[in-house]
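Novice: Let me see the structure of the following:
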Amino acid sequence: MKSLFITSLVLLSLGAHANESAIEFPTQSENYNFEGIVALDNCSGAIFRTSASRATDPALVMTNGHCLEFGMPNPGVVVTDKPSTRRFGVEDPKTSEILGSVHARKVMYSTMTTTDLTVYVLEESYADIFAKFKVRPFMLANRYPKIGEPINIISGYHHNGYTCKVDAIIPTLLEAEWTMHESIRFTPECKPIHGTSGSPIISRETGEIIGINNTGNDDGEMCTMDNPCEVSADGKKTVHQGIGYGEQTNWLFPCMATATDVDLNRKDCRLPRDSKSVRNYSGRTFSSKHKNADVPRYRF
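Specialist: Down below sits the predicted model:
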């Protein structure tokens, strides 16, 4: 666990967890480091930065596309540059208690197609957050997860974490109407529950975010809501009940035109950018088959 003591804001450029290979990361039974973790009203998330971020830039928060407050984006829909007033609870690195809130300015990007990702631009800068909370952001890795890479999945909503490894990269994951690609399958030790949606997948080797937790097969059903199925390159569908999945986040960096905007037409940008891209999206919702209405069922 990294000390909070820093003598200069210049060190913000290092990120809260990046390149901490010499640190003993916690196991399942130990305490987790919640620095950079945030709680949403229905999901989990993380404050993050890229290698191009500056301390004075507006901070960024990631969560899942299906956590979008306006409703879950339909298949093929991309939401960009939409005003938002959402609040996020910043957690104490050691206790996970809520220290206070930061506030969204806009949704920079959101989709449930190919990946499952929402990125918010905050009113506060990284320097503002550090000055108020002594909390630094995660570094977003500009690479794919490695098979066998040890990971932590840390939930701001539930104030807990999971430890396991990357088991496989799945070519296609199908859940109800949504299709995701190059999904990250976890080893069985990680069994994220509803409310952990949007939790960062953190490399225990580097401390960087290498993906985002989003779903799992609850009931053993085939390709239904809360029961994603894997689709192989030859089209064969398989189900692994009780197994959790995450999605790619490294696609974001090549698409960023500035610290607060994406350009989906940039070279090497792999995020969806089809004709359904919209700014004023009202979203959709699903009724839950479970009683807890505050935790919507799609892996929220």
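
Novice: what's the spacing between residue 116 and residue 246?
Specialist: For residue 116, the distance to residue 246 (CB to CB, to the nearest Å) stands at 9 Å. (Glycine included, C-beta is placed from N, CA and C.)

Novice: between these two, what contacts are shared?
Specialist: Here residue 116 and residue 246 have 212, 214 as joint contacts, going by CB atoms under 8 Å, 6 or more residues apart in numbering.

Novice: Show me what the closest residue to residue 191 other than its chain neighbours is bridged to.
Specialist: Of all residues not flanking residue 191 in the chain, residue 244 sits nearest, at 6.1 Å (CB to CB, 6 or more residues apart in numbering). Taking DSSP bridges as the rule, residue 244 bridges to residue 216.

Novice: Now do residue 244, the pLDDT please.
Specialist: Reported pLDDT at residue 244 in the predicted model: 98.

Novice: Residue 31 too?
Specialist: Looking at residue 31, its pLDDT reads 78.

Novice: That one in helix, strand or coil?
Specialist: Following DSSP: H, G, I helix; E, B strand; the rest coil, we place residue 31 in the coil state.

Novice: same check, this time on residue 132
Specialist: helix.

Novice: Which parts of the stretch 1-150 of the chain are strands?
Specialist: For the stretch 1-150 of the chain, the strands defined by DSSP state E, counting those that start in this stretch cover 37-39, 44-49, 58-63, 78-83, 87-91, 98-111, 117-125, 138-139, 150-155.

Novice: Out of these, which gets nearest to residue 208?
Specialist: Closest of those to residue 208 is strand 138-139, at 4.7 Å (criterion: CB to CB).

Novice: which strands and helices sit next to that closest one?
Specialist: When contacts are defined as 3 or more CB pairs under 8 Å, 6 or more residues apart in numbering; DSSP states H and E, strand 138-139 packs onto strand 44-49.
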